[in-house]
Structures are given as structure tokens and as C-alpha cells.
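*Asks:* sequence unavailable; structure follows:
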């Protein structure tokens, strides 16, 4: 096991995929000479050259469209979009083309591509660069959505993404890129649809993904100081979603709090809450609770930004209200 940063785990995986398969190509804005907005692709242009690591024009729809065409033509592209809000400019390509081509061709055509993008707040990037829209993509049949929390998640899920025959939306939280964690030395992959119990507990289940797992772990520490044992579930993928793990944990603890950076109204936390209510209602000792981002565009000022995001204290207080 080696301790590496989240961005390094991603870079390691991209390098391995480029080395293992000449059909793998990377494309995106500033991923070559600049090394990527978050330094994930740093050094790969020098190693593999401009035919494999391609800087593209600032036109997200064109970049994703080229990736779709390349995938249909036999390559295995990884398209990087700087932040998830920029993906809105390619929404038609992603939703109406990438996600549907396999279905509309009766399975005769596949689109084996990975679309990486950064999401989340906490880095003072203001309202236009701090979205958490993972649930939007999880809503679309034909797309798979990975949301890694640890460096181990990042490497293992990206390995799986490159094996998928159709599009994977791979979303990385901006606040996690520098965070370090242990990653196995040997090559491995993490199957989609397998959540991880990242902390065992008996009294309440805290459910999160990506950056919200960190907040949930902080809340679990606070709850422990209040005599309550919290189980923390790291979802790892939103589509497919590990419903069995969610229901299994709730049956054990009989209480649930879903944590999400996204806005509460219409958010993915509501989908998880509905699943629990539909499949484990009789197991609950109280209503499923949600702790989500404030219903405002993300502020730039650091204190206001932190106030607009779920906090460990807010999560813990919500959980204590269930007892």
C-alpha cells in the first residue's frame, strides 16, 4: 500500500490505461501542455505525445461530440471537462447522443468513453463553478455515474470506467484532489454499484458520496462524543446505486440521514430517501432526514460558502433529533 493524493491516483490510472491500450486517447481543454486544471494529466503529453493526449478548443459540445465519434469509431476516449457546470454546454451531446446511441441502434453501436468532470464547492470558485449536479446525470438511462471519495476509490472506479462498453460520467470533487489516502500497489478495480461502509455504527446511518462522506465522518465523531454510534456509507456510484447496502445499513441502525452538497429541492438525496421509505419503512424509528446545500447560488466569500454547505455539526444535530 502506498499513500498518494487523489489527483495522483487518477493520473496513475490514466497512465496505465494509455500504456495498456493504444486505443485509449485523452482529450480536453488544457489537459496537455498545462497538465489539466487540477494537475491530473500533468506530464502525460510529454510521455505519450499529442496524438494520445490532445488539447482541444474551448467548445465543450464539440469536445464531447468528437469523443462520441471516436468511441463509435473504435477508440476508447477519455474526455475531460474542467468543471461540471461546463458540461451543461455539452448536455445535448451527453444526454441525447452518448447515452442513447446503444439503445437506439439496438445494441449494434457502443460508445465506450469516460467523461471526467470536477464538481462541488469549498474552493471559493463562486456560483458558476461550484455546482453539484451528479444527480442530474444519474437521472439519465444509458449513463453510469461514478463519484469517488478516497484515492483508492478514484483509481479503482476509473479502472472500471475504462472497461465499460458505454458512457461513464466520472465526477471528482474539487476539494478532494490534494487529499491523500492508501492505494494498493497491485492493479485492482472497484465494481460499479458496490457501496462501502467506511465506518461501522449501530444507531444511525449517515449516507453520502464524494465530498459529503468527509462531512459525514466529521458528524460521526461529534455523535460519538454524544454517546451515539453512526455508520457512514460511501456510495461510490450513483448509477448503478447499491440499494442493498443502503437498506441493509438502515435495517441495522433504524435511522438514516442523507448528506449531499447539492440543493435539497429535487436533489438526489430525495431519491435515496424515497428508496428507504419504500423498501424499509417498517425498519425506521424516525423519518429519513436530509442535510443538503443551501437553496442559493454558491457565494464566493469563504464564510458564506461554508455556511451554504452541509457541516458536520449540522449533520450531527439532525441525527440527534431522531432519538
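*Replies:* Great, that's in hand. The model shown is predicted, which means the values in this text are computed figures rather than measured ones.

*Asks:* please state the offset of stretch 136-145 from the chain centre?
*Replies:* 12 Å (Cα atoms, centre = their mean, to the nearest Å).

*Asks:* from one end of that stretch to the other, what's the distance?
*Replies:* 10 Å (Cα to Cα, to the nearest Å).

*Asks:* just use 28 as the starting number from now, easier for me
*Replies:* Will do, 28 is the new start, and the previous item becomes stretch 163-172.

*Asks:* let me see the backbone angles for residue 87.
*Replies:* Backbone torsions of residue 87, given as degrees, to the nearest 10, read phi -60, psi -40.

*Asks:* then the one 5 residues further on?
*Replies:* Per-residue torsions, residue 92: phi -60, psi -40 (degrees, to the nearest 10).

*Asks:* can you check the one 10 residues further on too?
*Replies:* According to degrees, to the nearest 10, the main-chain angles of residue 102 amount to phi -90, psi 170.

*Asks:* ok, it - contacts?
*Replies:* 50, 51, 52 (Cβ atoms under 8 Å, 6 or more residues apart in numbering). To be clear about C-beta, it is placed using only N, CA and C from the backbone, and glycine gets the same treatment.

*Asks:* roughly how far apart are it and residue 79?
*Replies:* 10 Å (Cβ to Cβ, to the nearest Å).

*Asks:* quick one: common contacting residues for those two?
*Replies:* Common neighbours of residue 102 and residue 79, using Cβ under 8 Å, 6+ apart, are 51, 52.

*Asks:* hmm, back to that, now list the buried members of the contacts of residue 102.
*Replies:* 51, 52 (16 or more other Cβ atoms under 10 Å).

*Asks:* tabulate the contacts of residue 102 (a markdown table), appending distance to residue 235, secondary structure and pLDDT.
*Replies:* Listed next are these as a markdown table, based on distance: Cβ to Cβ, whole Å; DSSP: H, G, I helix; E, B strand; the rest coil; pLDDT from 0 to 100:
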| residue | distance to residue 235 | secondary structure | pLDDT |
| --- | --- | --- | --- |
| 50 | 35 | coil | 98 |
| 51 | 31 | strand | 98 |
| 52 | 33 | strand | 98 |
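
*Asks:* now the contacts of residue 102 in CSV, with distance to residue 261?
*Replies:* Shown next, in CSV, are these (distance: Cβ to Cβ, whole Å):
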residue, distance to residue 261
50, 32
51, 28
52, 31
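
*Asks:* nearest to residue 205 among the contacts of residue 102?
*Replies:* residue 51 (25.8 Å; Cβ to Cβ).

*Asks:* pretty sure that closest one contacts residue 105?
*Replies:* Yes. If you go by Cβ atoms under 8 Å, residue 51 and residue 105 touch, sitting 7.0 Å apart.

*Asks:* contacting residues around the most centrally placed residue in the chain?
*Replies:* Centroid-nearest residue in the chain, with Cα atoms, centre = their mean: residue 174, separated by 1.8 Å. Neighbouring residues of residue 174 by Cβ under 8 Å, 6+ apart: 161, 198, 200, 236, 237, 262, 263, 264, 265.

*Asks:* how about residue 283?
*Replies:* Listed by Cβ under 8 Å, 6+ apart, the contact partners of residue 283 are 231, 232, 233, 234, 276, 277, 300, 303, 311, 315, 316.

*Asks:* closest to residue 256 among those?
*Replies:* Closest to residue 256, out of all of these and judged by Cβ to Cβ, is residue 231, at 7.8 Å.
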